[in-house]
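K.L.:
have a look; sequence and predicted model below, questions after that.
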Amino acid sequence: MQRNNMKMNAVKNAMSVCAAMLAATTANIAAAYPAPYAADVSTAEKRAGLTQRLWAHDVLTDVRIWPAERLKPEAVEKPLRFTEKELHESNLVIGDILNPQFSFFPAKGSGPRPAVVVFPGGGYRVLGWNKEGTEVAEWFNAHGFSAFVLLYRTNDRDGALADAQRTMGIIRRDAAKYGIDPKRIGVIGFSAGANLAVRLSTNWRERRYARVDEADDLSCRPDFMMPIYPWDLRPRKNPATPREGWKKTLEMLPEYPVDAQTPPSFTVQAKDDFCEIETALGLDSALRKAGVSSTVRIYPDGGHGYGLRRLGKATDAWSDEAAVWIRQFD
């Protein structure tokens, strides 16, 4: 009997430890993803409802940037693919983007406003609509900037650059309609979106596609760029096996030809980012050598993929510093 009681007590103690560990884990998750970032995705109905809420925006502002004849036949009617990959974090991940579009988020205030084009990240395979898109647009709105969130082509890096170039031309052409200043239009990107922001900012002199209309006669050079945790700007150790990472060098790949007319930059990276701080430092070094204004912020922790969300890491501070930096364009 005594032996049985001892076993029962041991089981109870083990269960108490497990319960405590589970409670601690739950608390950590709740702290990392406070409302509204933590979402209930326990049923198909809740996931569908959340997807609808996260996608909700003024769809009347959506602009398809290419005429149908410039797209693959299957792209014209193919719907966007909404995934459930990060729904639990209140982030709608979108894939199968073959017919690129941008959405407009206007700032309040009179007179032409400065503007920014937002490039969400996702490894050029998918795009994070909320965490690196709409939340960023709304943050800029709060600071007096109108914003455009671009859903550029996935699985097509050259196509994504063409999408970014054409979008800048369309926005400059239609600046009066949007109530923005065509001489104050910047770009911000996250991860692969940051890669695209740098690529556009260093490859704006020549369009990567045949002219469509008068929008393509206008400059697609951004007036400023903000690469946030940029990805893949430096040479790989072995291009055939990308998982091996990057060479420990500050030199950038030739496809990002920084020169004196590259726009001023605000770059962010964390020391524990898998993309490595040499990515931000290499960009900063190239910009400074070219005589371009460059501000870089390196934080001790924060990892990758945090967007504007405050998760109890050092990178929580980056948006406060960015808010000061963007005042020069307001």
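P.N.:
Right, received. Where do you want to start?
K.L.:
can you show me the strands along this protein?
P.N.:
Under the criterion DSSP state E, the chain contains strands at 63-64, 81-83, 93-95, 101-105, 113-119, 127-128, 146-151, 180-190, 225-228, 265-270, 294-299.
K.L.:
any stretches of this structure with poor pLDDT?
P.N.:
By pLDDT under 70, the low-scoring segments of the chain are 1-35.
K.L.:
which parts of it are helices?
P.N.:
Remark: helices assigned in the chain by DSSP state H are 2-32, 44-55, 135-142, 157-173, 175-178, 192-202, 277-289, 318-325.
K.L.:
chain center to the last one, what's the gap?
P.N.:
Averaging C-alpha coordinates over helix 318-325 and over its chain gives two centres that are 16 Å apart (CA atoms, centre = their mean, to the nearest Å).
K.L.:
okay, the angle between it and helix 135-142?
P.N.:
40 degrees (axes from the mean of the first three to the mean of the last three CA atoms, to 10 degrees).
K.L.:
quick one: contacts for D40?
P.N.:
For D40, the contact set (CB atoms under 8 Å, 6 or more residues apart in numbering) comprises K46, L50. Placement of C-beta: from N, CA and C, glycine included.
K.L.:
distance to G312 and mean neighbour count for the strands of the chain - can I get that in CSV?
P.N.:
Shown next, in CSV, are the strands of the chain (distance: least, CB to CB, whole Å; neighbours: other CB atoms under 10 Å):
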stretch, distance to G312, mean neighbour count
strand 63-64, 38, 14
strand 81-83, 27, 15
strand 93-95, 23, 19
strand 101-105, 28, 21
strand 113-119, 24, 27
strand 127-128, 20, 27
strand 146-151, 27, 26
strand 180-190, 19, 24
strand 225-228, 18, 28
strand 265-270, 13, 26
strand 294-299, 12, 18
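K.L.:
rebuild the ones you listed as JSON lines, extending it with distance to S319.
P.N.:
Formatted as JSON lines, these follow (distance: least, CB to CB, whole Å):
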{"stretch": "strand 63-64", "distance to S319": "27"}
{"stretch": "strand 81-83", "distance to S319": "26"}
{"stretch": "strand 93-95", "distance to S319": "22"}
{"stretch": "strand 101-105", "distance to S319": "17"}
{"stretch": "strand 113-119", "distance to S319": "13"}
{"stretch": "strand 127-128", "distance to S319": "16"}
{"stretch": "strand 146-151", "distance to S319": "14"}
{"stretch": "strand 180-190", "distance to S319": "11"}
{"stretch": "strand 225-228", "distance to S319": "9"}
{"stretch": "strand 265-270", "distance to S319": "9"}
{"stretch": "strand 294-299", "distance to S319": "10"}
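K.L.:
out of the ones you listed, which is closest to T241?
P.N.:
In terms of CB to CB, the element of the strands of the chain nearest to T241 is strand 265-270, at 23.4 Å.
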